[in-house]
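Kindly return the folded structure for what I paste below:
(chains A and B)
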Protein chains: 2
Amino acid sequence: MNPLIDGLQYANWSERVFRQMREGGLDAVHVTITYHENFRETVLQIEKWNRFFERFPDLIFQGFSADDVAKARDTGRTAIFFGSQNPSMIEDDIGLVEVLHRLGLRFMQLTYNNQSLLATGCYEARDSGLTRMGREVVAEMNRVGMVVDMSHSGERSTLEAIEHSSRPIAITHANPHGWHPALRNKSETVMKALAESGGMLGFSVYPHHLKGGSACTIDEFCTMIARTAELIGIRHIGIGTDLCQDQPDSVVEWMRVGRWTRKIDYGEGSAAAPGFPPMPEWFNDNRDFAKIAEGLKSVGMSGAEIAAVMGGNWSDFFASSFGRA
Amino acid sequence: MNPLIDGLQYANWSERVFRQMREGGLDAVHVTITYHENFRETVLQIEKWNRFFERFPDLIFQGFSADDVAKARDTGRTAIFFGSQNPSMIEDDIGLVEVLHRLGLRFMQLTYNNQSLLATGCYEARDSGLTRMGREVVAEMNRVGMVVDMSHSGERSTLEAIEHSSRPIAITHANPHGWHPALRNKSETVMKALAESGGMLGFSVYPHHLKGGSACTIDEFCTMIARTAELIGIRHIGIGTDLCQDQPDSVVEWMRVGRWTRKIDYGEGSAAAPGFPPMPEWFNDNRDFAKIAEGLKSVGMSGAEIAAVMGGNWSDFFASSFGRA
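Model (predicted):
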């Protein structure tokens, strides 16, 4: 099979979104279930997902292992893999890594823009790299089978995570900084180190990560993917849309501000445009993955290369990442 | 195989205790991990157990399904199944039942001596039966595969739990009230209703539940078991020692008092004897199960009957109880 896998979404989940996943043929998706929530609040998010799994068993189920991608394909459903965009939910307790892995958490970002207990976010003025606890938590994530995700981390922290981690890590949703110099996009140095260690980069369609923003064309996006494949290898790239479908603007504010400031921080936005940016016309929801596959064909990729980018690589990465070391 | 299973222990866990489990040939044990702890505190107990599993992989592992009893036998280890003696850890949130089941919790008492949010404990003056939330939580436990344990509940609550539960329930550690009229021991009415619904009674060797207390003889204990088998059927009984090995007396105080009173409540003890009572001479630790099996033979039980009581019945009960409805 050629699985279709999205490396990151944070939609306002609903039956509508799940039905669109099925219409788009999505076999598996890494969903963000928490940002700044503490452990108990994160468990409430898991409880909410448990209700989704109970209500929509014909559309979705919780994924725990890479085998669940094939199971999803075989049963015509989408496997949902949990992840966190910040380590807030482990609080200051390394033991929660294993507990959350048992509950299905398969990805954890070491930072979300800011300094965390573990590493430095990409919006900080100075990046001091992995902290003492950060090194311990990465080792624990390696042990239990939770993927280190550095999408929102600073350059030094990311390089140190790649170096320190005994298993390949991921940048689930970001694009090359050379193509579009957003703080969230990644340098050639990072992308090459990531690929050399066996890691994965998921390309984002979130407009702030796109050259030209919402006006970026599918051809520009796919040309960027093809060039990145030439740079770091076809085996180390996938899609990580960062789709935030149907979310009210209050949610992007929570993502950016959490409880760390009493002021508004606009993150990648601005006072003039504080909300979610409009999506590019070629990607609005889960029914639009075929357009990316077509775009990759248009820029000259082979069928095997397209299959790798659209899900084959993520599937292989899941297989080597989610189990015990 | 004839598995050896203990229906309840709450020892001061250590390598010594785990080695004694292996010396005694114990294949599986239901261990209490929490009494009055809230959710977060219970997760800390799970983290503590995760460290035990990591440190002593040759002696123990966490049991999740009945298949783990055979796996324990095949690998020469003891499968540890988690349980709670009070519903404090689900707080007021029914969604935590499924979350804790995912983390391996397979038994939950609806009460521990006192009134809970779910039912009435056996030390209350009036037993009002299952509460509104209690009925909902029993249905949720039925759905996910968590055993309702009424060892410390009142008579009406226990009968209502048997009636309301769509799956057989357990009284993991108690003896017949007619044999020894402790508040914690169970009436014929309860034992018969339990057995008729397919449930299980585990016989306790905790001295306060024994006729004659610590002086109870193995012959008296086994005669009581044989008579109970005649009364409710050989298929509905097992062992649930309530072994509290190596625990300091501060722990029995926590069990009795929790945070519900500022005074000392002596429970089954007294001001003159507030601590753990001395064990009967024939059962001090996990190496002593053979003495119970020998005792059952002495009172005339057949090999097949002894095998059923010593673990076969619990094994069958686990197989029908721990999965989704």
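
count of neighbours near the residue in the stretch 51-200 of chain A positioned nearest to chain B?
Of all residues in the stretch 51-200 of chain A, the one sitting closest to chain B is residue A:95 (3.4 Å; CB to the nearest CB). From N, CA and C alone the C-beta is placed, and that goes for glycine too. When neighbours are defined as other CB atoms under 10 Å in any protein chain shown, residue A:95 has 16 of them.

if I pick it, what's in contact with it?
Neighbour list for residue A:95: B:44, B:47, B:50-51 [criterion: CB atoms under 8 Å, 6 or more residues apart in numbering or on different chains].

Repeat that for residue A:202.
With CB under 8 Å, 6+ apart, residue A:202 has these contacts: A:6-8, A:170-174, A:237-240, A:314.

need the residues you listed in CSV with pLDDT, can you?
Converted to CSV, the contacts of residue A:202 look like this (pLDDT from 0 to 100):
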residue, pLDDT
A:6, 98
A:7, 98
A:8, 98
A:170, 98
A:171, 98
A:172, 98
A:173, 98
A:174, 98
A:237, 98
A:238, 98
A:239, 98
A:240, 98
A:314, 98
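
between those residues, which is nearest residue B:251?
Taking CB to CB as the measure, residue B:251 sits nearest to residue A:170 out of the contacts of residue A:202, at 44.6 Å.

Against residue A:314, how distant is the closest one?
The spacing between residue A:170 and residue A:314, counted by CB to CB, to the nearest Å, is 9 Å.

what does residue A:209 give?
18 Å.

Of those two, which one has the most company?
Each of residue A:209 and residue A:314 has its neighbours counted (other CB under 10 Å); residue A:314 has more, 32 against 25.

and the closest residue to that one other than its chain neighbours, how many neighbours?
Distance criterion CB to CB, 6 or more residues apart in numbering or on different chains; nearest residue to residue A:314, sequence neighbours excluded, is residue A:5 at 4.0 Å. Neighbourhood size, residue A:5 [other CB under 10 Å]: 27.

who's in contact with residue A:5?
Contact analysis of residue A:5 by CB under 8 Å, 6+ apart lists A:26-29, A:69, A:238-239, A:310-311, A:314-315, A:318.

And it, how close does it get to chain B?
Noted for residue A:5: a distance of 24 Å to chain B, by CB to the nearest CB, to the nearest Å.

From start to finish, how long is stretch A:207-220 in a straight line?
One end of stretch A:207-220 to the other measures 13 Å (CA to CA, to the nearest Å).

hang on, the earlier thing: by neighbour count, which of the contacts of residue A:95 wins?
residue B:50 (18 neighbours).

For that one, pull up the helix or strand it's in.
Using DSSP states H and E, residue B:50 falls within helix B:39-55.

How about residue A:98?
Assigned by DSSP H and E, residue A:98 falls in helix A:95-102.

CA atoms only: put that helix into CSV for me.
In CSV, the C-alpha atoms belonging to helix A:95-102 read as follows (Å, rounded to 0.1, in the frame of the first residue of the first chain):
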residue,chain,number,x,y,z
GLY,A,95,8.0,9.8,34.9
LEU,A,96,5.1,11.3,33.0
VAL,A,97,6.9,10.6,29.7
GLU,A,98,6.2,6.8,30.1
VAL,A,99,2.7,7.4,31.5
LEU,A,100,1.8,9.6,28.5
HIS,A,101,3.4,7.1,26.1
ARG,A,102,1.1,4.4,27.6
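
coming back round to it: pLDDT and distance to residue A:35 added to the contacts of residue A:95, as a markdown table?
Below are the contacts of residue A:95 laid out as a markdown table (pLDDT from 0 to 100; distance: CB to CB, whole Å):
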| residue | pLDDT | distance to residue A:35 |
| --- | --- | --- |
| B:44 | 98 | 24 |
| B:47 | 98 | 23 |
| B:50 | 98 | 26 |
| B:51 | 98 | 29 |
